[in-house]
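Trainee: Sharing a model prediction with you, sequence too.
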Amino acid sequence: MIKVSDAHVLRDVSYASYAKEVATINEGIRSRSLEGSDYLGWADYPNTYDKEEFARIEKAAAYIRENFEVLVVCGIGGSYLGARAAIDGIQGLYRKDKLEILFMGQTFAPSYVSQVLDYLKDKKFAINVISKSGTTTETAVAFRLLSELLKSQIGAENMKKAIFATTDASKGALLELCKKYGYERFVLPSDIGGRYSVFTAVGLLPMAAAGIDIAAFMDGARNAMLSFDSDEINEAYKYGILRHELYKAGYPVEMFVTYEPRFVQLGEWWKQLFGESEGKDHTGLLPDSATFTTDLHSLGQFIQQGSPVLFETVLSVESPERDVIIPHDEDNLDGLNYLEGKGLDFVAKKAHDGTVEAHAGGNVPNVLLSIDKMDAFTMGELMMFFCRACALSCYLNKVNPFNQPGVEIYKKNMFRLLGKPGYEK
Ligand code: PA5
């Protein structure tokens, strides 16, 4: 289970003073009576999800693993970050799996897109195109390019068996495309927004194709759902309160820190979840992320002695699945024999403790989160923990967690500049 410690937040936090507000918000989430409640489908999704579709996801994943070398996940924002974070987090960065997972549709950069297309030229690949709206330009352009390549490789008929789409239940351009060409389709329910969608086919199909036990992932999410849907101040709400208190105390930036390179993408997902949910009406914490100890050799200086704008939320893993023992060396010219026989996990934990002591000692508050391990169950639990904490944080700040009105502005400008019909001025 996820643990939250306030031992280094450098102030006394009165959780009791939040009791009434938390109970009201939790009840509002449960009864779907708060602003944005049309998008609260994720909150009980580990119970309500479509079991028939879940079985279809597992079947499609097995088919993809059996018949292809590469799966290209084509989506942006909430339509790919969760899957990417979960795959890296659970399986690590150098997966030795027969199915490679690539990502496209998250950028217009021609250098990236052309490299992926080149790479796919002599590969047997399938596509999982994911878009709720079906009109997101990055994703739509990438999908057009990918399907053109696929068609040239295997022909229009076979292509149908290599494209898997995840769309809104009842609307959107991608849905129409699926109907016309007969692609297998999975659903992102209408009451779940992109950044809360990792528990749906959006996250589950890429994860299952990567060989992850998605039933365990959903069990973890369900466990968190049961633990954190309570009027009490549970661990998710404790975290939400701590970040709210630190925001009110004058820290506008929250830096999400891990000691695991495989959690870099988790940081990206976390930034989107909190940034897009909370950053509106000119309020909210700016979410940033860092990976230690790597970033102690870059951002560490700023954190320790730069402008006092941030607090850290540090996630640590109690038992990594493997350890590496430092060997004895006869010459000991590097002076490391004092560590011989010790595991890297021991060293990493000392680095963690020393860093918390240094940063908190330098007046940088540290919220400490810990999880037992990095498996599918824990990842499901952790992602649901963050979703709950995020909803609470937003409601404490009196903003709707589930819209993103600001994102539309760049799109409108871009469409005008591109000459998209209907956006001339
Ligand atoms: O969280 C969100 O709602 C967004 O990040 C969307 O997921 C993102 O903009 C992609 O949208 P769509 O799935 O409609 O292509």
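Mentor: Cool, the structure landed.
Trainee: Just list what the helix or strand containing residue 382 packs against, helices and strands only.
Mentor: Using DSSP states H and E, residue 382 sits within helix 376-396. Identification of packing neighbours for helix 376-396 by 3 or more CB pairs under 8 Å, 6 or more residues apart in numbering; DSSP states H and E yields helix 19-30, helix 81-91, helix 214-228, helix 235-248, helix 264-278, strand 366-371. For every residue, glycine as well, the C-beta is placed using N, CA and C.
Trainee: Show me what from the stretch 201-350 of the chain comes close to the ligand.
Mentor: When proximity is defined as CB under 6 Å from any ligand atom, the stretch 201-350 of the chain approaches the ligand at residue 276.
Trainee: Return the nearest residue of the stretch 201-350 of the chain with respect to the ligand.
Mentor: residue 276 (5.6 Å; CB to the nearest ligand atom).
Trainee: For the residue lying closest to that residue once chain neighbours are set aside, give its distance to residue 134.
Mentor: In space, and not counting its chain neighbours, residue 276 is closest to residue 404: 5.0 Å by CB to CB, 6 or more residues apart in numbering. Plainly put, residue 404 is 17 Å away from residue 134 if you go by CB to CB, to the nearest Å.
Trainee: repeat for residue 282
Mentor: Counting by CB to CB, the gap from residue 282 to residue 134 is 31 Å.
Trainee: ok, these two, which is more surrounded?
Mentor: Between residue 282 and residue 134, counted using other CB atoms under 10 Å, residue 134 has the larger neighbour count: 21 against 5.
Trainee: how about the residues of the stretch 51-200 of the chain that lie near the ligand?
Mentor: Counting by CB under 6 Å from any ligand atom, the stretch 51-200 of the chain sits next to the ligand at 76-79, 131-133, 136, 139, 193-195.
Trainee: Out of those, list just those in strands.
Mentor: Under the assignment DSSP state E, these contribute residue 131 to strands.
Trainee: Which one of the residues of the stretch 51-200 of the chain next to the ligand is nearest to residue 170?
Mentor: Using CB to CB, residue 132 is the member of these that lies nearest residue 170, at 11.0 Å.
Trainee: Would you confirm that that closest one contacts residue 195?
Mentor: No. The pair residue 132 / residue 195 is not scored as a contact, 10.9 Å apart, by CB atoms under 8 Å.
Trainee: ok so, going back, show me how far the helix holding residue 382 is from its chain's centre.
Mentor: Distance, stretch centre to chain centre, for helix 376-396: 10 Å (CA atoms, centre = their mean, to the nearest Å).
Trainee: any idea of the angle it forms with helix 264-278?
Mentor: 20 degrees (axes from the mean of the first three to the mean of the last three CA atoms, to 10 degrees).
Trainee: Just the C-alpha atoms of the helix or strand following helix 376-396, please, in CSV.
Mentor: Remark: after helix 376-396, the chain's next helix or strand is helix 407-418, criterion DSSP H and E. Extracted in CSV, the C-alpha atoms of helix 407-418 (Å, rounded to 0.1, in the frame of the first residue of the first chain):
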residue,chain,number,x,y,z
VAL,A,407,-5.6,23.9,-24.2
GLU,A,408,-8.1,24.9,-26.9
ILE,A,409,-6.4,28.3,-27.5
TYR,A,410,-3.3,27.0,-29.1
LYS,A,411,-5.3,24.7,-31.3
LYS,A,412,-7.5,27.5,-32.6
ASN,A,413,-4.4,29.7,-33.4
MET,A,414,-2.7,26.8,-35.1
PHE,A,415,-5.8,26.0,-37.2
ARG,A,416,-6.0,29.6,-38.3
LEU,A,417,-2.4,29.7,-39.2
LEU,A,418,-2.7,26.4,-41.1
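Trainee: Check which helices and strands helix 407-418 sits against.
Mentor: Short answer (3+ CB pairs under 8 Å, 6+ apart): helix 407-418 packs on helix 137-159.
Trainee: If you count contacts, what does the helix it packs on end up packed against?
Mentor: Using 3+ CB pairs under 8 Å, 6+ apart: helix 137-159 touches strand 70-74, helix 110-120, strand 125-131, helix 407-418.
Trainee: that older thread, on the pLDDT front, check the residue of the stretch 201-350 of the chain closest to the ligand for me.
Mentor: For residue 276, the model assigns a pLDDT of 97.
Trainee: What's the local residue count around it?
Mentor: For residue 276, using other CB under 10 Å, the count is 23.
Trainee: residues contacting it?
Mentor: 77-78, 195, 404, 407 (CB atoms under 8 Å, 6 or more residues apart in numbering).
Trainee: Show the contacting residues for the residue nearest to the spatial centre of the chain.
Mentor: Nearest residue to the geometric centre of the chain (CA atoms, centre = their mean): residue 269, 2.9 Å. The contact partners of residue 269, by CB under 8 Å, 6+ apart, come to 81-82, 84-85, 195, 198, 383.
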